[in-house]
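*Asks:* turn this into a model:
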Amino acid sequence: MSRYGRVALWMAGALILAYAGYSYVTPRQAVIADALRDRQIQVDVSASDAQAATVTLSLPADGPDDLTVVIPAGTLISNGNEGEQWLMTAQTMVVHLSRGSPTSTQQVATYCLEPFARPPDSSSPLALNAAPREPGQSLEIPGTIMEELEPVQKLSKCLDQPDLDHQTAQFAVWLVGEKWIDRSYGDVLHDMLSALKDQNMQAWRESSLEKKLDERLREKFPQLSAGQRRQQIDRYEKERDLGNPDAKIYNDLSVQQLNLLVQRTPALLEQCGMHTADMAFFKSVPPAG
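*Replies:* You can find the predicted model right below:
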């Protein structure tokens, strides 16, 4: 073999060894569904509301020494309590685990999938529902199958971007997930106000009026300051009828909030390839003013 041939052979061998060493020290990467399927990871999920969840990932004793786990936007978080909301991750999470750091706890923004159900609390039995399913296999969410969730999961992946207004994105998820885009503005508003009335009546029964009013206003209209909520509660107390806790103020604020979201949402949907001009909901929105 010539001198140049020996040099070329030596360089090729060095490159092979370098690549092998790089592959050896580089951690493996797995999507959460595959990591759960292969029992490479343990997961714990908790949430005290519908806007964020706390996810803890851990390497089991017999798991890999290094693993980078990807939890894509649109991953379902199931809720074992009947009547409480299921969630969906709004952001992609990438978590690296190793034997030196085998556990990681992070918070991830979420969307709720059932707008009129109760939000989860710290005692809700939540689980990262990322295991692969056969097409059409039923999820334990009433009236929902996998195909029906595909459009909203696809939308959530499109909405996985920085500095996005969470309320507007949540409303976009409801428009698609609840098929409100195929209904009229008036029908959707009627359902929202009816659900709000039921929630308010339940709140009236369960605790003191003023405290529950403040909590409900803070939950439904987070843009209001404490002083503004106080003004609205004072107005409510002046106008209320003790036999009808569904005060006019709630209806007024709900309509204002809906109209604000109606103005903001089309740009998001259009950005994700949807044509809002063809949707029954946006066609029936009354003119401003």
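
*Asks:* Pro222: neighbour count?
*Replies:* Neighbour count for Pro222, taken as other Cβ atoms under 10 Å: 11. C-betas here are computed from N, CA, C, even on glycine.

*Asks:* Asp165 is in contact with that one, correct?
*Replies:* No - Pro222 lies out of contact with Asp165 (Cβ atoms under 8 Å); the separation is 11.3 Å.

*Asks:* who touches both of these two?
*Replies:* Shared contacts of Pro222 and Asp165, defined by Cβ atoms under 8 Å, 6 or more residues apart in numbering, are absent.

*Asks:* and the residue nearest to Leu175 when sequence neighbours are not counted, how far from Thr265?
*Replies:* Excluding its sequence neighbours, the residue lying closest to Leu175 (Cβ to Cβ, 6 or more residues apart in numbering) is Ile181, at 5.1 Å. According to Cβ to Cβ, to the nearest Å, Ile181 stands 10 Å off from Thr265.

*Asks:* cool, Ala52 as well?
*Replies:* Using Cβ to Cβ, one gets 21 Å for the distance from Ala52 to Thr265.

*Asks:* who's more crowded, those two?
*Replies:* Between Ala52 and Thr265, counted using other Cβ under 10 Å, Thr265 has the larger neighbour count: 23 against 17.

*Asks:* do you know the pLDDT at the more buried one?
*Replies:* Per-residue pLDDT puts Thr265 at 95.

*Asks:* centre of the chain versus the strand or helix carrying it, how much separation?
*Replies:* Element membership for Thr265 (DSSP states H and E) is helix 248-271. In terms of Cα atoms, centre = their mean, to the nearest Å, the centre of helix 248-271 is set 19 Å apart from its chain centre.

*Asks:* counting contacts, what elements does it pack onto?
*Replies:* Contact partners of helix 248-271 among helices and strands, from 3 or more Cβ pairs under 8 Å, 6 or more residues apart in numbering; DSSP states H and E: helix 166-177, helix 185-206, helix 209-220, helix 226-239.

*Asks:* and the helix or strand just after it, what does it pack onto?
*Replies:* Downstream of helix 248-271, the next assigned helix or strand under DSSP H and E is helix 280-283. On a contact count with 3+ Cβ pairs under 8 Å, 6+ apart, helix 280-283 meets helix 185-206.

*Asks:* surely Asn81 meets Pro120?
*Replies:* Yes - with contact defined as Cβ under 8 Å, Asn81 counts as touching Pro120 (7.4 Å).

*Asks:* neighbour count: the two, which is higher?
*Replies:* Between Asn81 and Pro120, Pro120 has the larger neighbour count (other Cβ under 10 Å), namely 26 against 14.

*Asks:* ok, that one - contacts?
*Replies:* Contact analysis of Pro120 by Cβ under 8 Å, 6+ apart lists Ala47, Ser48, Asp49, Ala50, Asn79, Asn81, Glu84, Gln85, Leu87, Leu126.

*Asks:* on that earlier part again, got the CA coordinates for the helix holding Thr265 in CSV?
*Replies:* Extracted in CSV, the C-alpha atoms of helix 248-271 (Å, rounded to 0.1, in the frame of the first residue of the first chain):
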residue,chain,number,x,y,z
LYS,A,248,-76.7,40.9,34.1
ILE,A,249,-73.0,41.8,34.7
TYR,A,250,-71.9,38.3,33.8
ASN,A,251,-73.8,38.3,30.5
ASP,A,252,-72.4,41.7,29.6
LEU,A,253,-68.8,40.7,30.4
SER,A,254,-69.2,37.4,28.5
VAL,A,255,-70.4,39.1,25.4
GLN,A,256,-67.6,41.6,25.6
GLN,A,257,-65.0,38.9,26.1
LEU,A,258,-66.4,36.8,23.2
ASN,A,259,-66.4,39.7,20.8
LEU,A,260,-62.8,40.5,21.7
LEU,A,261,-61.8,36.9,21.0
VAL,A,262,-63.8,36.9,17.8
GLN,A,263,-61.7,39.8,16.6
ARG,A,264,-58.4,38.2,17.5
THR,A,265,-58.9,34.5,16.5
PRO,A,266,-59.3,34.6,12.7
ALA,A,267,-55.6,35.6,12.2
LEU,A,268,-54.5,32.6,14.1
LEU,A,269,-56.7,30.2,12.3
GLU,A,270,-55.7,31.7,8.9
GLN,A,271,-52.1,31.3,9.9
